[in-house]
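Colleague: Show me how the following folds:
(4 chains, ligands or ions: 6)
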Amino acid sequence: MKITVKEIEAWLEAFREEITAHKEELSDLDQAIGDGDHGINMARGVKEMHNLLETKSFQVPGEILKAVSMVFIGKIGGAAGPLYGSAFMKMAAEAGTKEALSAEEFLGVLRAGKSAIVQRGKAETGEKTMVDVWLPLLKKFEGKQEIDWDDWENSAEELKNNTKEMHAKKGRAAYLGARSVGHIDPGATSSYYLFKALADTLREGS
Amino acid sequence: MKITVKEIEAWLEAFREEITAHKEELSDLDQAIGDGDHGINMARGVKEMHNLLETKSFQVPGEILKAVSMVFIGKIGGAAGPLYGSAFMKMAAEAGTKEALSAEEFLGVLRAGKSAIVQRGKAETGEKTMVDVWLPLLKKFEGKQEIDWDDWENSAEELKNNTKEMHAKKGRAAYLGARSVGHIDPGATSSYYLFKALADTLREGS
Amino acid sequence: MKKLINDVEQIVDEMLNGMTAAHPNELRRLEDTTVLVRKDAPVQGKVGIVSGGGSGHEPAHAGFVGPGMLDAAVAGEVFTSPTPDQVFEAIKAVDGGKGVLLIIKNYTGDVMNFEMAGEMAEAEGINVKQVVVNDDVAVEDSSFTSGRRGIAGTVLVHKIAGAKAAEGASLEEVQQTAEGVIKNVKSMGMSLHPCTVPASGKPGFTLAENEMEIGTGIHGEPGVERTELKPAKEVAQILFDKIQEDMQLQKGEEIAVLINGLGSTPLMELYVMNHSVAKILQQHELQVEETIVGEWMTSLEMAGASLTILKLDEERKKLLHAPADTVAFKR
Amino acid sequence: MKKLINDVEQIVDEMLNGMTAAHPNELRRLEDTTVLVRKDAPVQGKVGIVSGGGSGHEPAHAGFVGPGMLDAAVAGEVFTSPTPDQVFEAIKAVDGGKGVLLIIKNYTGDVMNFEMAGEMAEAEGINVKQVVVNDDVAVEDSSFTSGRRGIAGTVLVHKIAGAKAAEGASLEEVQQTAEGVIKNVKSMGMSLHPCTVPASGKPGFTLAENEMEIGTGIHGEPGVERTELKPAKEVAQILFDKIQEDMQLQKGEEIAVLINGLGSTPLMELYVMNHSVAKILQQHELQVEETIVGEWMTSLEMAGASLTILKLDEERKKLLHAPADTVAFKR
Ligand SMILES: Nc1ncnc2c1ncn2[C@@H]1O[C@H](COP(=O)(O)OP(=O)(O)O)[C@@H](O)[C@H]1O
Ligand SMILES: Nc1ncnc2c1ncn2[C@@H]1O[C@H](COP(=O)(O)OP(=O)(O)O)[C@@H](O)[C@H]1O
Ligand SMILES: [Mg+2]
Ligand SMILES: [Mg+2]
Ligand SMILES: [Mg+2]
Ligand SMILES: [Mg+2]
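Modeller: Numbering: from 1, shown residues only, chains lettered A, B, ... in the order given. Ligands and ions are numbered 1, 2, ... in the order given. Next up, the predicted model:
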């Protein structure tokens, strides 16, 4: 499996479709334990990303990841904007100028994104944020040469579902204290869609 | 029939009971074509009047009418306060220091009240105000030596009901224009209760 | 009815105490009255200005008491004109020897109560004049009726008459200036949501989710027309057209604009409204000398807004910009 | 959802245009941004102060732009932090050579976006410092979480830091003064009625007719506790007690008080609330140097209020009283 601009574009486009289709769900989750805008924020970001992908063409994965990071930083706003934006920024740096990435290399790119999120947001696992998807998912598949995309998707889904029973310690939901328990974290959910979109793209493409 | 302090007190007490019992009705009528406070305003006035009657004693009808006029002016507020207040003020002046009034004299007292309302409010009949009860009612019984109190009460009721089809020209309801048609005027209704209370008092007392 | 209050019967009293507690250096409550006066009233050698009306229009009227605007505000029960004895106390407290101007909004109750107070004051030798504000073009102007209501334009009458009095003008001059404002100020309002008079506990009217009311007053009264919900630019056009029908403003004319929130409309929406209004005024090539956006003459928690336009001349322009130092309006 | 708007997508843009249209001599919008700056920005030789956050808190933050308070306000989407590029533009526009202080409310999003902007500015050689306001005692303070939210107390940080900058203080001094305010200001809010984010169209939570929410934030978030509706004096006591638990104010201590309306609560109710608050403060023999009542940090059309108490020292007292000439706050 080789990941080139084509795969990245397909992945991001699939991500856009997931977000657009689940905009309400994301906002409803955020309504319950936050301020109800996560779906709106993400939809605004991926819409702008779509415009970018439509109008510009890219040579290498690093280039597209960089351009998308700027869109996310400049368009999403809220907490999710800097987090996804920083993630893609670091992913771009990690991808560098390589034309094609192996599965292993691509996992390294995603791990760089995860590090950026942790660095920017200072959250640990168990604090009911998107970190609870990124960190354990990438840990589970660390060092894998080939990825079982069904396992990947199911793991991501399980991880985001696990946030339901967590007591939020970071982000807006933390203000609710114990009342945050019983609701799935919206950012973990959008991250699940990001990873589901990746599975759908690469599973088909494989 | 002789009207002394005793009859006046009984009348005003009966008026208080009517207003208190119909406070909601008066406010609802005012809600429809005004600002919804007529029942509240009148109830505040008659409550204070009741306190006055409980604590002070009076020698002549003129004295009690005067004291009540001050309460109405100082407590009712809105449009109804100055109108009822001015009416009772002029009624007091007309009653003077007489200890007892004949039916004819008492009709003269009420006519003085009516003139005060017309002078203060500058409304004519047909403009959907309390004037549409006061003016035709007193005209109908003008010069009568004895009063048929059933006729009196029915006439007052009919007159206030007649305001329903009128297009308001004075008071707050005038702002509604044609939309005021179809609702009975609240001030005409409180005036009806004033005259009904009078009938009930003097009918029993006769 | 959900309100942040203690006791329906004590609302006005507690509000007035809450105001003097917050602004002890600016406002003083006359004992046993519902009158708030300037801390330093009466100001000798200055015409006193008294306004007021029912409560529920805050910051009107006590919020406008202070140097450059009002000397006293008389508060009635919610949406009910204050009584003559209260107004009379206000007049006595602010007469600094040059007489007192009463600024009355044109409601039968207000006019009669203030007039009676004026008669009481005249009887005690205080020189009293009055002006009656009737800026609401939603209501037809007719000599057969009690005429138009006074609404948000009243704030501009307060400002300009107050500045004139502060200059040391005579009672007749202040009255004349106020009359000039009244002739040249027109307003029209609309609402999205009614309000509930505390003592009644029920909203003044009901509106469906897709309805709005055009021509609403400031007392929870229904308006003159009910339509489906429209975007701000159409609302702005409706309000402007009705005002313009009456004012016939010409290209290049200098005006002041007041966008007034009725109580629960967020400032965000008032500025969106101003965005739409400004565009219309530009199309008409009107010269906007001043725009005032905020909640000045409210109607409890009614949602909605009114547009007020004041035609300026040199004097009004100068007085509008003159200093004012009140709790709610500073310049 | 009933709002006086044109287009949900254009609300912030139109609001900003409505503001500059209303206040052309006071405010200027940086082209292609959501940043409003003082008309005369950058002020040479003065520390620039930038604040902002999601929209929907009007008059915060642009209403506080002007001499004596902020140099720029950055507006995000409704209840969504503005992005770093916007904040960066603001920083560049107000840097008068003495550096720029960012006043941030403690929300993860705001902190991260402003921080990224600060990094961008530092990279271009602009000296940037930041303070993070976290006055909301409704939320538990813990080093394990992101800590307390910034709410209405932010307005006092704007006022006092702005006055310090206007005196010509250095960036470090302004930051230090702002930190001093932050350490000594605590707030707590409650609500009777939620608000609806325009883009979502649904209220942030629901409350029954006899319920209220204690500890509500300013983003339509639910509070920390739901109780039955209580009278203003009990509400005042709950808010005060929670603040006092944290502040441990002593007899005779000098404080400033802010009663902040959340959007649709009539000023009448805020003054009733102040009446109840003032009584409690008197019982505790606290010296109230200043009381500010009004809508300063709103949450769209949420109904409710917050209480803020600031402990004063000589410097804060002087700076609180210093002149300010902004659209919404004048002194
Ligand atoms: N410190 C943090 N670290 C990682 N993720 C966080 C952090 N704070 C918040 N998040 C994520 O951001 C999501 C909320 O994003 P969003 O609603 O767009 O922003 P906001 O909370 O500013 O409205 C949360 O559900 C959570 O997953
Ligand atoms: N000019 C007038 N002349 C006679 N009666 C009037 C006049 N204006 C109003 N009214 C009466 O007053 C009543 C309203 O009284 P009320 O509701 O207490 O005062 P307000 O209208 O100030 O709220 C009307 O129903 C009408 O009968
Ligand atoms: Mg959110
Ligand atoms: Mg009425
Ligand atoms: Mg009334
Ligand atoms: Mg948000």
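
Colleague: Okay, helices next: where are they in chain C?
Modeller: Assigned by DSSP state H, chain C shows helices spanning C:11-22, C:84-94, C:108-123, C:153-166, C:171-183, C:232-247, C:267-283, C:314-321.

Colleague: tilt between the shortest one and helix C:153-166?
Modeller: The reference is to helix C:314-321. Counting by axes from the mean of the first three to the mean of the last three C-alpha atoms, to 10 degrees, helix C:314-321 points 100 degrees away from the direction of helix C:153-166.

Colleague: Going by neighbour count, list what's buried in helix C:314-321.
Modeller: For helix C:314-321, a neighbour-count test (16 or more other C-beta atoms under 10 Å in any protein chain shown) marks C:316-317, C:319-320 as buried. No exception for glycine: its C-beta is placed from N, CA and C like everyone else's.

Colleague: The residue in chain A that ligand 5 sits nearest to: what secondary structure?
Modeller: Per C-beta to the ion, the residue of chain A with the smallest distance to ligand 5 is A:Gly36, at 40.3 Å. Following DSSP: H, G, I helix; E, B strand; the rest coil, A:Gly36 is assigned to coil.

Colleague: Could you pull up the contacting residues of it?
Modeller: A:27-28, A:30, D:79, D:197, D:200, D:202, D:204, D:220 (C-beta atoms under 8 Å, 6 or more residues apart in numbering or on different chains).

Colleague: Just the buried ones from these?
Modeller: By 16+ other C-beta under 10 Å, these give A:27-28, A:30, D:79, D:197, D:200, D:202, D:204, D:220 as buried.

Colleague: For C:Lys105, give the beta-bridge partners.
Modeller: For C:Lys105, the beta-bridge partners are C:Val133 (DSSP bridges).

Colleague: my read: it touches C:Val132, true?
Modeller: Yes - between C:Lys105 and C:Val132 there is a contact at 7.5 Å, judged by C-beta atoms under 8 Å.

Colleague: These two: which has the busier surroundings?
Modeller: Neighbour comparison, C:Lys105 and C:Val132: the larger count goes to C:Lys105, with 30 against 21 (by other C-beta atoms under 10 Å in any protein chain shown).

Colleague: Read off the pLDDT value for the more buried one.
Modeller: Here, the pLDDT recorded for C:Lys105 equals 97.

Colleague: Can you add distance to D:Ala123 and pLDDT and give the contacts of A:Gly36 back as TSV?
Modeller: Listed next are these as TSV, based on distance: C-beta to C-beta, whole Å; pLDDT from 0 to 100:
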residue	distance to D:Ala123	pLDDT
A:Ser27	34	93
A:Asp28	39	93
A:Asp30	32	93
D:Phe79	29	92
D:Val197	34	89
D:Ser200	36	80
D:Lys202	41	83
D:Gly204	37	79
D:Gly220	35	79
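
Colleague: what's the most distant pair in those residues?
Modeller: Within the contacts of A:Gly36, A:Asp28 and D:Phe79 form the most distant pair, 15.4 Å apart (C-beta to C-beta).

Colleague: For residue 126, the count of nearby residues, please.
Modeller: Here I'm looking at chain A. A:Gly126, neighbours per other C-beta under 10 Å, totals 15.

Colleague: actually it's chain C I care about, not the one you picked
Modeller: 18.

Colleague: Up against ligand 6, what does chain A have?
Modeller: When proximity is defined as C-beta under 5 Å from the ion, chain A approaches ligand 6 at A:35, A:37, A:78.

Colleague: Which of these sits closest to B:Ile19?
Modeller: Nearest to B:Ile19 among the residues of chain A next to ligand 6, with distances taken as C-beta to C-beta, is A:Asp35, at 50.5 Å.

Colleague: phi, psi of that closest one?
Modeller: phi -120, psi 10 (degrees, to the nearest 10).

Colleague: got the contact list for it?
Modeller: Per C-beta under 8 Å, 6+ apart, neighbours of A:Asp35: A:172, D:79-80, D:197, D:204, D:219-221.

Colleague: Distance to chain B added to these, as TSV?
Modeller: Below are the contacts of A:Asp35 laid out as TSV (distance: C-beta to the nearest C-beta, whole Å):
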residue	distance to chain B
A:Arg172	42
D:Phe79	36
D:Thr80	41
D:Val197	33
D:Gly204	31
D:His219	35
D:Gly220	31
D:Glu221	35
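
Colleague: Keep only the residues you listed that also lie close to ligand 1.
Modeller: A:172, D:80 (C-beta under 6 Å from any ligand atom).

Colleague: Take the contacts of A:Asp35 and keep only those in strands.
Modeller: Judged by DSSP state E, strands contain none of those.

Colleague: Using a markdown table, lay out the contacts of A:Asp35 together with distance to D:Gln250.
Modeller: Shown next, in a markdown table, are the contacts of A:Asp35 (distance: C-beta to C-beta, whole Å):
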| residue | distance to D:Gln250 |
| --- | --- |
| A:Arg172 | 34 |
| D:Phe79 | 37 |
| D:Thr80 | 40 |
| D:Val197 | 41 |
| D:Gly204 | 38 |
| D:His219 | 34 |
| D:Gly220 | 36 |
| D:Glu221 | 33 |
